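[1] predicted structure and sequence below. I'll ask about it afterward.
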Amino acid sequence: MQITFGLKLLFFFYQLSEGMVKLVTLNIPQVYLDGIEHLVEQEIYPNRSETIRIAIRDFLLKEYNGEKIFKIKS
């Protein structure tokens with residue numbers, strides 16, 4: 001179930017960000033990277049980048065109380 005949910009999130013994210021992805025470099029504690037790697041190894045997420053994108057998106061949705069903050073290009 002978690003993998004299916006992750007794939008739905010992946011599809012949703014790409015609908016929102018197609019053509020708008022920017023490269024960002026960040027430093028994170030090793031323990032965070034280990035956790036991300038574990039999620040990827042368990043095939044819950046396809047790769048580290050997608051894991052981080054989903055975490056940031058979910059954080060923003062939480063901080064904005066679920067308000068629609070993303071603009072969808074049609």
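    Looks like it arrived, so ask away. None of the values given here were measured: they were computed from a predicted structure.

[2] which SSE is residue 32 in?
    helix 30-41 (DSSP states H and E).

[3] name the helices or strands packed onto that helix?
    Counting contacts by 3 or more Cβ pairs under 8 Å, 6 or more residues apart in numbering; DSSP states H and E, helix 30-41 is packed against helix 48-63. Quick note: C-beta positions are derived from backbone N, CA and C, even for glycine.

[4] for the record, mean pLDDT for the helix it packs on?
    The pLDDT scores in helix 48-63 average 89.

[5] what helices and strands are in contact with it?
    Using 3+ Cβ pairs under 8 Å, 6+ apart as the contact test, the elements touching helix 48-63 are helix 2-17, helix 30-41.

[6] mean pLDDT lowest for which of those?
    helix 2-17 (a mean of 50).

[7] ok, residues contacting the helix holding residue 32?
    Residues outside helix 30-41 that contact it (Cβ atoms under 8 Å, 6 or more residues apart in numbering) are 45-48, 51-52.

[8] which two among the residues you listed are spaced furthest apart?
    46 and 52 (11.9 Å; Cβ to Cβ).

[9] which one of the two has more residues nearby?
    Higher neighbour count among residue 46 and residue 52: residue 52, with 17 against 13, using other Cβ atoms under 10 Å.
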